[in-house]
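K.L.:
Below are the sequence and a predicted model for it; my questions follow.
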Amino acid sequence: MKETRYFYVPDAGLSSELPADEATHAIRVLRLKEGDEIFLMDGCGHYFTAEVSVASSKHCMYRIKETVEKNKDWSGYIHLAIAPTKMSDRMEWMLEKATEVGFDEVTFLNCRFSERRTLRTDRLDRIIVSAMKQSRKPWKPVINPMMDFSEFVKRNDDGQKYIAHCYNEIARKDFFEEISRPQTSDRITVMIGPEGDFSIDEVRQAMENGYEPVSLGRSRLRTETAGLSAVMMSQIILSRR
């Protein structure tokens, strides 16, 4: 059985050449030749069946044979806002798995108790692209750079907005139960704090800006586990609508 080769090509329908990094993989690793069949995804919901037309040392050209538009497996929009962990590999793992599950956007938060305040979004972007191809999802999540917590919560975003925290003195509802209720919007934004949690003042500030305080369950979760859990719960509910 022939191996299926998937490549990420933004604006694939308007181009005829693989990007440099994808071309290198196609020619030097997979050793593709003229006439070989490949499959492209543009990150905007389209698959393309194509054929290699030119394979040189530095370029890989293609001809599109068929275009297929695919709807997302979930309705609405899932936006994860999360404080990155001190160890970058844990955040990379979370993004890889969240992409395989399916979500739409991630924003990294600079909070009072944040352990990391800088990120290499270019590396995270490559990890997301790899996970897209592995899971055969033609939708590429949006990656936003680091944003100050106060700036983020003041944004006038629509939809359901939640902040997950662990403070006993602030009442919390169950996140899964809340998003399971009939809603006027299928857009879910959920904020996950650093290992030391959000500060209590940050939780209150978020509530003043329309965020509902929630719990992700009875267990105390690491940041990356909480982020993935929130995405999976949202995905389960929105896939049923």
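P.N.:
That came through fine.
K.L.:
Just the element for residue 21, please.
P.N.:
helix 20-24 (DSSP states H and E).
K.L.:
To clarify, my last question referred to residue 100.
P.N.:
Judged by DSSP H and E, residue 100 forms part of helix 88-101.
K.L.:
List the buried residues of that helix.
P.N.:
For helix 88-101, burial by neighbour count (16 or more other Cβ atoms under 10 Å) applies to 90-99, 101. No exception for glycine: its C-beta is placed from N, CA and C like everyone else's.
K.L.:
Low-confidence bits of the protein, can you list those?
P.N.:
By pLDDT under 70, the low-scoring segments of the chain are 1-3.
K.L.:
which stretches of it form strands?
P.N.:
Using DSSP state E, the strands of the chain run over residues 6-8, 37-41, 46-55, 60-69, 77-82, 105-110, 142-148, 160-164, 173-174, 187-192, 212-215.
K.L.:
and the ones you listed as JSON lines, adding mean neighbour count?
P.N.:
JSON lines is the format used below for those (neighbours: other Cβ atoms under 10 Å):
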{"stretch": "strand 6-8", "mean neighbour count": "21"}
{"stretch": "strand 37-41", "mean neighbour count": "20"}
{"stretch": "strand 46-55", "mean neighbour count": "17"}
{"stretch": "strand 60-69", "mean neighbour count": "14"}
{"stretch": "strand 77-82", "mean neighbour count": "24"}
{"stretch": "strand 105-110", "mean neighbour count": "20"}
{"stretch": "strand 142-148", "mean neighbour count": "14"}
{"stretch": "strand 160-164", "mean neighbour count": "24"}
{"stretch": "strand 173-174", "mean neighbour count": "14"}
{"stretch": "strand 187-192", "mean neighbour count": "25"}
{"stretch": "strand 212-215", "mean neighbour count": "18"}
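K.L.:
Residue 176 versus the closest residue to residue 74 other than its chain neighbours, what's the distance?
P.N.:
Excluding its sequence neighbours, the residue lying closest to residue 74 (Cβ to Cβ, 6 or more residues apart in numbering) is residue 238, at 4.0 Å. Distance from residue 238 to residue 176, counting by Cβ to Cβ, to the nearest Å: 12 Å.
K.L.:
Next: residue 17.
P.N.:
45 Å.
K.L.:
can you tell me how far the spatially closest residue to residue 83 that is not a sequence neighbour sits from residue 112?
P.N.:
In this structure, residue 83 finds its nearest non-sequential neighbour in residue 194, 3.9 Å apart by Cβ to Cβ, 6+ apart. Relative to residue 112, residue 194 is positioned 9 Å away (criterion: Cβ to Cβ).
K.L.:
chain center to the biggest helix by length in the chain: distance?
P.N.:
Under DSSP state H, the helix in the chain containing the largest number of residues is helix 223-239. How far helix 223-239 lies from its chain's middle: 11 Å, per Cα atoms, centre = their mean, to the nearest Å.
K.L.:
which parts of it are buried?
P.N.:
Buried-residue list, helix 223-239, by 16+ other Cβ under 10 Å: 223-235, 237-238.
K.L.:
And the contacts of that helix?
P.N.:
Defining contact as Cβ atoms under 8 Å, 6 or more residues apart in numbering, one finds that helix 223-239 is touched by 73-76, 78, 80, 82-85, 90-91, 93-94, 97-98, 101-103, 164, 175-176, 179-180, 186, 188, 190, 192-195, 216-217, 221.
K.L.:
do the same with stretch 164-176
P.N.:
162, 190-193, 197-198, 200, 203-204, 207, 212-217, 220, 226, 230, 233, 237.
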